[in-house]
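Asker: fold the stuff below for me.
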Amino acid sequence: MLQANTFTLRITAPIILLSALFISACTDTEIPAENISSVDSNGATTINTSSLNTALSALPLETVSDTEEDGLYYMREEEKLARDVYSTLYIMYGQNILDNISDSEQTHTDAIKLLIDRYSLTDPVTDSSIGTFQNSYLQSLYDSLVSQGSASLVDALIVGATIEEIDIIDIQNELDNNVDNQDITLVYENLLKGSRNHLRSFVKNLTNQGTTYTPQYLDQAVYDNIINSPIESTN
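Answerer: Predicted structure coming up:
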């Protein structure tokens, strides 16, 4: 199992900031967002980039701070990492959860790309091939997680839960500390919902395999709140 101190998470704020994670987040707008994402019965959460683009077009273009820009670059590749790891492990085990959530993660990284294009930023994903990253930390993380997940199906599912924990912490940190723009907030809130749903799905599958998952990064109370809450099907 991946130990909690194996990787340095990209967070600067204490994890205690996540204590309010499940209070429904709202943007400063009244833009209806019901169709931005869809959730299947197993929790795979897919973002409809066409609907998202329509919602984004109704929001103002704002100045992107350096921290917001850095966050977009990192999140673009972090969501790709989730896609790539799940896709690679699906080839090994043929488990539908890995395939379905990999497909969902493709729409998550596409959602970040919409923001990068909207602000005419430089996309860090110059090669969309599986397992290729500009960010050296994410490259190392991908290699390590695939190696861990290769040991067994249970290890692959643990890797999935691990990735979703890290995503939750990183996205929440961006929202709490770095993001002011309404459009970036809208996208991140949808990604955050997806990560919570995906964590629920991986933990459920581990339970079906007779394995009890212990959170490695999230505060226990926050983790329990996620797992004991139903799949989030609306924005």
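Asker: so which residues of the chain form helices?
Answerer: 49-57, 66-93, 96-118, 136-149, 153-173, 182-208, 220-227 (DSSP state H).
Asker: just send the ones you listed back as a markdown table, with mean pLDDT and distance to N42 too.
Answerer: All C-beta spots, glycine's among them, are computed from the backbone N, C-alpha and C. Shown next, in a markdown table, are those (pLDDT from 0 to 100; distance: least, C-beta to C-beta, whole Å):
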| stretch | mean pLDDT | distance to N42 |
| --- | --- | --- |
| helix 49-57 | 96 | 21 |
| helix 66-93 | 98 | 13 |
| helix 96-118 | 98 | 7 |
| helix 136-149 | 98 | 19 |
| helix 153-173 | 98 | 12 |
| helix 182-208 | 98 | 5 |
| helix 220-227 | 98 | 15 |
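Asker: how about these, which one is nearest S37?
Answerer: helix 182-208 (5.2 Å; C-beta to C-beta).
Asker: buried ones in stretch 126-144, by neighbour count?
Answerer: 133, 135, 138, 141-142 (16 or more other C-beta atoms under 10 Å).
Asker: cool, stretch 53-70 as well?
Answerer: Going by 16+ other C-beta under 10 Å, stretch 53-70 has these buried residues: 55-56, 59, 64, 68-69.
Asker: mind putting these in a markdown table, distance to E165 included?
Answerer: As requested, the buried residues of stretch 53-70 are exported to a markdown table (distance: C-beta to C-beta, whole Å):
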| residue | distance to E165 |
| --- | --- |
| A55 | 28 |
| L56 | 28 |
| L59 | 29 |
| V64 | 27 |
| E68 | 23 |
| E69 | 25 |
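Asker: among the residues you listed, which two are most distant?
Answerer: A55 and E69 (21.0 Å).
Asker: find the nearest non-adjacent residue to Q106, please.
Answerer: R83 (5.2 Å; C-beta to C-beta, 6 or more residues apart in numbering).
Asker: pretty sure that neighbour is in contact with T107, am I right?
Answerer: No - with contacts counted by C-beta atoms under 8 Å, R83 stays clear of T107, the gap being 9.2 Å.
Asker: circling back to that earlier point, quick one: which two of the buried residues of stretch 126-144 are the most distant?
Answerer: Across the buried residues of stretch 126-144 (C-beta to C-beta), the longest gap, 9.8 Å, separates N135 and Y142.
Asker: tell me the contacts of T107?
Answerer: Applying C-beta atoms under 8 Å, 6 or more residues apart in numbering to T107 gives the contacts 46-49.
Asker: mind putting these into TSV with neighbour count and distance to S233?
Answerer: Shown next, in TSV, are these (neighbours: other C-beta atoms under 10 Å; distance: C-beta to C-beta, whole Å):
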residue	neighbour count	distance to S233
T46	19	12
I47	25	14
N48	16	14
T49	17	19
